[in-house]
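J.: Here you go, sequence then predicted model.
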Amino acid sequence: MSLVLAVLLVALVLGWLAGGSLDRLGELPLRRRWLVVVALGTQLAGTLLGGPFFVAGLLVSAALVVVFLTRNRGVTGTGLIALGLLTNVLVVGVNGAMPVSAAAAARAGVSTQDLLTGADARHEPSGEATRLPWLGDVVPVPLPVRPEVVSAGDVLVAAGLGQLVVVGMIGGGQRAACGGAGRQRRAPLRVCNPGGRRQEEVHHGQERS
C-alpha cells in the first residue's frame, strides 16, 4: 500500500507539472464503476472472516476488478493494473496466502514476526513448498516512513495507477478510451462523445456530410 500511495503522489505531481488537472482525471469515461465498490466490499468481508473466506474474497474481488478493467480497457493504465491483479490472485490461489521472502523483508527492514507466528492469515513465509515464489512478496521497498515488501503484481498495479493518473490529468486517457486512436491507414476514424459511443465514421479519403 505504501508503494501505491507513493506512486500516486508522484503521479499527481508529474501530472500537475505537465499542465494537467484533477478535473480532466475525473472526466475519464469509466464504465461499470459499481463493480469496484462490490469488489472492495467482498474483499473486506473475506479479510474480516479470515481463513478460506479470505482467499475466496480475494479471488471474487479480483475477478470483479478485472471485469471492470476489461470494460475500460481503452483507458491508459488499466492493462497493467489487470495484469498485476491476476498475478497476485494466481500466487495466492495456489498457496492459500501471499508468500513473503524473509530475505526481502530483512532488506526492507520489515519484521517477519507475525508471519512466523501465523498471526497474519493473509501472508505466509516463503519456503521450499511455496509455489510460484517469484510472484510472491519478493521486492523490498525500504520507504522511510512505512517500509514494506511487495510482489511483482503490486509493482504492476502501482505502475498502471501512476500511468492512469498522469495520462488522465493531461487529457490523454479519454482519447485512448474512444477506441480507434491506434488505427492507421485505411481504418475508419471514429469520433466519440464523452460516453465513448461512436457518433459518426469518417474514412480516409472520404468525408460524409
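T.: Sure, I can see it.

J.: tell me what the longest helix along the chain is packed against?
T.: The helix that spans the most residues within the chain, counting by DSSP state H, is helix 52-71. Helices and strands touching helix 52-71, as assessed by 3 or more Cβ pairs under 8 Å, 6 or more residues apart in numbering; DSSP states H and E, comprise helix 34-49, helix 78-95. In short, each C-beta sits where N, CA and C put it, glycine included.

J.: So which of those helices is nearest residue 121?
T.: Relative to residue 121, the nearest member of the helices and strands packed on helix 52-71 by Cβ to Cβ is helix 34-49, separated by 8.8 Å.

J.: Tell me which residues are up against the longest helix of the chain.
T.: Outside of helix 52-71, the residues that reach it under the criterion Cβ atoms under 8 Å, 6 or more residues apart in numbering are 31-33, 35-36, 38-40, 42-47, 49, 78-79, 81-82, 85-86, 88-89, 92-93, 96-97, 121-122.

J.: For it, buried residues please.
T.: Taking 16 or more other Cβ atoms under 10 Å as the neighbour-count basis, helix 52-71 is seen to contain the buried residues 54-55, 57-66, 68-69.

J.: Let me have these in a markdown table, extended by distance to residue 1 and pLDDT.
T.: Formatted as a markdown table, the entries for the buried residues of helix 52-71 read as follows, by distance: Cβ to Cβ, whole Å; pLDDT from 0 to 100:
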| residue | distance to residue 1 | pLDDT |
| --- | --- | --- |
| 54 | 17 | 79 |
| 55 | 19 | 79 |
| 57 | 17 | 85 |
| 58 | 15 | 82 |
| 59 | 20 | 84 |
| 60 | 20 | 90 |
| 61 | 15 | 88 |
| 62 | 16 | 85 |
| 63 | 21 | 87 |
| 64 | 20 | 91 |
| 65 | 16 | 89 |
| 66 | 20 | 87 |
| 68 | 20 | 91 |
| 69 | 19 | 89 |
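
J.: Tell me where the model's unsure across this structure.
T.: By pLDDT under 70, the weakly predicted segments of the chain are 114-119, 172-209.

J.: who touches the residue nearest to residue 108 when sequence neighbours are not counted in this structure?
T.: Counting by Cβ to Cβ, 6 or more residues apart in numbering, residue 108 lies nearest to residue 140, which is 3.6 Å off, once chain neighbours are set aside. Contacts for residue 140 were tallied using Cβ under 8 Å, 6+ apart; they are 104-105, 107-108, 110, 147, 149.
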